[in-house]
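> predicted model and sequence follow; I will ask about them next.
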Amino acid sequence: MSRSRRNVLKDIGIAGIGLSFAGALGACSHKGAAQTLNLYTWDTYIGKHTLADFEKAIGGKVNISLFANNDELFAKLRDGNQGYDVIVPSNDFVERLHQAGSLIEIDHARVPNLANIDPRFINAPFDPGRKVSVPYTWIVTGIGYRKSKVDGVPDSWKWVLDSDRYKGRIGLLAEASELFEISAKYLGLPANTSDAATIARIQAMLLKQKPNVALFHDDNGQDLLLAGDIDLVIEYNGDIAQVMREDKDLGFVVPREGGILASDSLCIPKGAPNPDLAHQFINFVLDARNGAHISETIRYPTPNRAALALMPAEYRDNPVIFPPDAVLQTCEYSHYQGQAVQSAYEQAMTKVRAG
């Protein structure tokens, strides 16, 4: 699953954080390797001074390299670890990497701050007991909308998947598996389906809906909504929460059929040069104050209860960032179901886009 990370660090100024970017891995001397953490993560997805604080704490250095999406991360690790200590994959790719034998188990005894994590995020279906991953953020998919342009709250996926009422003003996700999972939820079926007949049924529904769709977006739906290019869009709660701060006419809802949950996690890839330091970093990030600082910067929902308690009410009590439990109970995590199912989704989506 690919998601935008918005240009938070560019806005606050990345200079002065004390980081070395892609290419720095090869520049590390062997002598300093024991105190050098090599982090591979999304752009603009860490606190303003988190890494500088960690460098000070360890008396060492953090080298950070960036990936644009999970596919890029997976490709980098497919043929073996290229020197990374900590990576930040999404839930379905945690499964995929674990199945490929690319992750080592997290030693919970060395991450005491794991106690700060809300228990709901410990027994995640994609990694029960969190053997190979530690929660970093979580996200739920729903509908972002412009209040003045739609009649009421679009509380069903029907508004975007099966209606011509807002023809030409609808944005759908371009990512195949999640759009098909959402469509399955709308049809009252389990999100994670490998049934060929169900995939064909969803494909037919999307082909019928396509004339009403303005575009399939690569997770810039919040910007299109903000600009007024569309009035309804499938997007992630964190992204819509960010633009709602800029435009009070925007809203977000998780449809009554339920949305798709996602969780980005901290993992240690097999062959990490510095697994001890990786555990130290994970524990550092899970500290209450460090976690709160990260949330202040990136504005994504945090699974860290201790960090959440330190956040202001406008973040902590925001129902867009943190939908009520009753809403979350209708949502499902996406699962990696193997390459054959993934290919089936992608082939069906190709036909929808070309149709």
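Happy to help now that I have it.
> so who does N318 touch?
Contacts here follow CB atoms under 8 Å, 6 or more residues apart in numbering; on that basis N318 touches A241. In this view, the C-beta of every residue, glycine as well, is placed from N, C-alpha and C.
> how much space between it and I260?
Going from N318 to I260 by CB to CB, to the nearest Å gives 20 Å.
> where does the prediction get shaky in the protein?
Across the chain, the ranges flagged by pLDDT under 70 are 1-34, 219.
> all strands of it, in order?
Taking DSSP state E as the test, the strands found in the chain are 36-42, 61-67, 86-87, 134-146, 170-173, 213-217, 232-236, 250-253, 260-266, 332-333.
> out of those strands, which is closest to R110?
Go through the strands of the chain one by one with CB to CB and the one that ends up closest to R110 is strand 134-146, at 11.1 Å.
> from the chain's centroid, how far away is that closest one?
Mean C-alpha position of strand 134-146 versus that of the full chain (CA atoms, centre = their mean, to the nearest Å) differs by 7 Å.
> swap in stretch 177-193?
Taking CA atoms, centre = their mean, the mean C-alpha location of stretch 177-193 is offset from the chain mean by 18 Å.
> ok, and what's touching it?
Surrounding stretch 177-193, the residues in contact under the criterion CB under 8 Å, 6+ apart are 1, 92, 141, 156-158, 161-162, 172-173, 198-199, 201-202, 205-206, 234, 255, 257-260, 332, 334-335, 337, 342, 345-346, 348-349.
> can we see that at 7 Å?
Residues from elsewhere that reach stretch 177-193, judged by CB atoms under 7 Å, 6 or more residues apart in numbering: 1, 141, 157-158, 161, 172-173, 198-199, 202, 205-206, 234, 257-258, 260, 332, 334-335, 337, 342, 345, 348-349.
> filter those to the buried ones?
Neighbour-count burial within those applies to 1, 141, 157, 161, 172-173, 198-199, 202, 205-206, 234, 257-258, 260, 332, 334-335, 337, 342, 345, 348-349; the criterion is 16 or more other CB atoms under 10 Å.
> now, these that are in helices?
By the criterion of DSSP state H, membership of those in helices covers 161, 198-199, 202, 205-206, 342, 345, 348-349.
> list the beta-bridge partners for L266.
Legend: beta-bridge partners of L266 under DSSP bridges are V134.
> N283 is in contact with that one, correct?
No: between L266 and N283 there is no contact under CB atoms under 7 Å: 10.0 Å.
> neighbour count: the two, which is higher?
A count of neighbours by other CB atoms under 10 Å puts L266 above the other of L266 and N283, at 21 against 17.
> from V62, how far out is that one?
Taken as CB to CB, the spacing of L266 relative to V62 amounts to 14 Å.
> how about the helices in the stretch 1-150 of the chain?
Listed in chain order, the helices found in the stretch 1-150 of the chain under DSSP state H, counting those that start in this stretch are 8-12, 50-58, 70-78, 91-99.
> TSV please, covering these and showing distance to V134 and mean neighbour count.
Written out in TSV, the entries for those read as follows (distance: least, CB to CB, whole Å; neighbours: other CB atoms under 10 Å):
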stretch	distance to V134	mean neighbour count
helix 8-12	22	14
helix 50-58	15	17
helix 70-78	16	16
helix 91-99	10	22
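> which among those is found nearest to Y300?
Comparing the helices of the stretch 1-150 of the chain under CB to CB, the one sitting nearest is helix 8-12, at 9.9 Å.
> so who does L37 touch?
Under the contact definition (CB under 7 Å, 6+ apart), the residues listed for L37 are 62, 85-86, 274, 277-278, 281.
> how about 8 Å then?
By CB under 8 Å, 6+ apart, L37 lies in contact with 54, 58, 60-63, 85-86, 274, 277-278, 281.
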